[in-house]
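Colleague: Return a 3D structure for these sequence lines:
(chains A and B)
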Amino acid sequence: MAEVHFENVVKVYPGNVLAVSDLNLTIENAEFIVLVGPSGCGKSTTLRMVAGLEDITEGVIRIGDRVVNDVPPKDRDIAMVFQNYALYPHMTVYKNMAFGLKLRGMPRVEIDQRVQWAAEILGLKELLQRKPRALSGGQRQRVAVGRAIVRQPAAFLFDEPLSNLDAKLRVETRAELKRLHRRLATTTIYVTHDQEEAMTLGDRVVVMSDGLVQQCDTPLNIYNAPKNRFVAGFLGTPPMNFFEGKLRRDGGESYFEGGGIRLRLPKAHIQSVEEAGSASQGVEVALGIRPEGLSLRPLDGREAQPGQSFSMVANVIEPLGSAMDVYCDTQDGNRLVARVRAEPLEPDQQITLHVDMTKVHLFEPGTYGRNLTLPAIESGTLDPVGAA
Amino acid sequence: MWYRFQYRYAPYLFVAPFIISFLIFGFYPIVRSIWLSFHLTAGPETSVFVGLDNYTVLLADTDFHKAVRNTVIFAFFSVFLQLPLSLGLAMLLNSRLILGRAFFRLGFFSPHLLGMVFVAILFAVVFAPRFGLLNVLLSHLGAPIERDWLGTPELVMPALVLTALWLYVGFNMVYFLAALQAVDRDLYDAAKVDGAGPWGQFLHVTLPGIKHVTVFVVVLSTIGSFQLFELPYLMLNNGPGPDQAGLTVVMYLYQNGFVTGDLGYASAIGWVLVLGVMCLAIFQLVLGGTLRRNP
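Modeller: Here you go, the predicted structure:
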């Protein structure tokens, strides 16, 4: 077990392609950290740098107290699980798991004990003499995990290990991995592009884009208090709805206008915008609302607040059981989705959506626009109905 | 009615051109050669049934023994010298560290594009006794001994092996290159993390990954070597060379069938060659585990 430190780590590929830019991060001992982001954001490169499969252009990576920049993969005391499992096709399950131990010159008796121990934990006892091609995807995945845990390394590295599994198996295996982590309590770095995996697995989640860490925090903090528009849009299913517009003042009240809606903003929002160092009038902003921040009825049976609802035409309705996703087209051509309590609703029906103001964020313009509502969220001063 | 007729018989019509030409140019000659191998013939017109005589004579024929020995030596070097070199080249040209890989790949493959006759003539010049390129090169390297490569019995086979090497190394390299490119790169990463060095990676990832192609290339190469004819025939002035040092099984077959005119004996040589190569190929396939049924 060990901490993993990144200090000013930079990775530049030939052709001057910047993959990771000035990464600073400390992964605590026994922590399960998830690196998440879209393709090409640098998450896999980061993992491969820890494994020693990619050189580090600048900076320092430490595993425990040791700088590992120039240490070959085999001497880093890490084990890795690959996306396509990378099981040796000509070896049995047993040999696949024993291979790394054998190369390290471990006595045969101890190898056998460790393989049997891992097989027991992962339910692979019956499969030890099979070759990988005779296994299902889920079984192969477990063998790949088995190969990693027999080594009892300082850190586990997972490179999108669930992406080749079907949806049901993915959810099951996810839970299994979490159980395994709790049992082994080994530092784990897990790379995925699936934000649901990131949210459910990680003690902390690192959201990356364009080679930069956009935010690193607990899953719930990232969800509730995204630092910028990219993070807000990336995490959450369905994703956050955005409206481009301006802040305006009218008769002593502040409003957001744009994308065909006009919302009266509570004072806390405006104070927060000012605290964040932005002008609170006439300035261009993007307003983001989580789908579950919209409802067909006023919140908690309270009276509808003026200026905190808007009308739209429901285009598509997706029933989910107790809830339903309602899709509408906004005036600026974007799609809006609201996750509301299930009730009878027909397509093309005019609906009024009420807004939970605690789920409303204001961002500076641009893909990585700063969250101007962050001060209010962090101090907990936002009011759901924003009564003036 | 017409539609049903078409539906039923059209497939046969489509395969008919192949079947007919195969029957005429493939099946009939095969059957005819079996029949011929039991006859003593003098040209295509005269033949007498002699039973297994051709085969018994052949087994005691010292020239045939010599031809078999030469061919086996050539095949041995094809498999154990040429193929490792091809694999080495393929690994080199599969490496990301080499610049201009496409150029080198084409370069090494290009001898095969020249054709056997051209290569044979080219190497006859290379091995020429006085001013051949090889002698000139050797004298520059400080070994000013003029050797008559194709006129000295002991040097004929090395010359043939070298020529074949130049001709086929690049060709077989392409097979290996294709196989190497199909090996999952993650397996190398997994092996590195598991603790395998370059040799360990070669042994545990590369070799198992290209095993089937290797068996295929070995079998193909062996069969090709046993059919060796054009290279020695053209390089050694349409003959077996000094002291029959370049006599191969197929050349012996050619001499008997088309120079002497004993098509029966030539057919017997052909069938012994077929059986020999078939046994060897099956042995190689069994050894390579290719015939083993998957679990």
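Colleague: Which residues of chain B lie near chain A?
Modeller: B:184, B:186-187, B:189-196, B:200, B:204-205, B:208-209, B:211, B:294-295 (CB under 8 Å from any CB of the partner chain). Using the backbone N, CA and C atoms, a C-beta is placed for each residue, glycine as well.
Colleague: repeat that with 6 Å
Modeller: Residues of chain B lying close to chain A by CB under 6 Å from any CB of the partner chain are B:186, B:187, B:189, B:190, B:192, B:193, B:194, B:195, B:196, B:208, B:295.
Colleague: show me where the stretch 1-150 of chain B has helices.
Modeller: Using DSSP state H, counting those that start in this stretch, the helices of the stretch 1-150 of chain B run over B:2-22, B:28-37, B:53-60, B:62-77, B:83-94, B:101-109, B:111-114, B:116-126, B:133-140.
Colleague: Could you tell me how far the first one lies from the centre of the chain?
Modeller: I take that to be helix B:2-22. Centre-to-centre, helix B:2-22 and its host chain are 36 Å apart (CA atoms, centre = their mean, to the nearest Å).
Colleague: and the angle for that helix with helix B:28-37?
Modeller: 40 degrees (axes from the mean of the first three to the mean of the last three CA atoms, to 10 degrees).
Colleague: mind saving the C-alpha coords of helix B:2-22 as CSV?
Modeller: Provided in CSV are the C-alpha atoms of helix B:2-22 (Å, rounded to 0.1, in the frame of the first residue of the first chain):
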residue,chain,number,x,y,z
TRP,B,2,-38.1,-21.0,-65.9
TYR,B,3,-37.3,-19.2,-62.6
ARG,B,4,-37.3,-22.5,-60.7
PHE,B,5,-35.0,-24.1,-63.3
GLN,B,6,-32.7,-21.1,-63.0
TYR,B,7,-32.8,-21.2,-59.2
ARG,B,8,-31.9,-24.9,-59.1
TYR,B,9,-29.2,-25.1,-61.8
ALA,B,10,-27.6,-21.7,-61.9
PRO,B,11,-25.1,-22.5,-59.1
TYR,B,12,-23.9,-25.5,-61.1
LEU,B,13,-23.4,-23.3,-64.2
PHE,B,14,-21.4,-20.8,-62.2
VAL,B,15,-19.0,-23.4,-60.8
ALA,B,16,-18.8,-25.4,-64.1
PRO,B,17,-15.9,-23.4,-65.6
PHE,B,18,-13.7,-24.2,-62.7
ILE,B,19,-14.8,-27.8,-62.3
ILE,B,20,-14.3,-28.5,-66.0
SER,B,21,-10.8,-26.9,-66.2
PHE,B,22,-9.8,-28.6,-62.9
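Colleague: give me the element residue A:21 is part of.
Modeller: Counting by DSSP states H and E, the element that carries residue A:21 is strand A:17-27.
Colleague: elements contacting the very next helix or strand once past that strand?
Modeller: With elements assigned by DSSP H and E, the helix or strand that comes after strand A:17-27 is strand A:32-36. When contacts are defined as 3 or more CB pairs under 6 Å, 6 or more residues apart in numbering or on different chains; DSSP states H and E, strand A:32-36 sits against strand A:187-192, helix A:195-201, strand A:204-209.
Colleague: Nearest to chain B, out of the ones you listed?
Modeller: Closest approach to chain B among the helices and strands packed on strand A:32-36 is made by strand A:187-192 (13.4 Å; CB to the nearest CB).
Colleague: which residues are in contact with that closest one?
Modeller: The set of residues external to strand A:187-192 that reach it, using CB atoms under 6 Å, 6 or more residues apart in numbering or on different chains, is A:1-2, A:29-30, A:32-36, A:43-44, A:47, A:155-160, A:181, A:198.
Colleague: What pairs with it, parallel or antiparallel?
Modeller: Strand pairing for strand A:187-192, determined by DSSP bridges: strand A:32-36 (parallel), strand A:155-159 (parallel).
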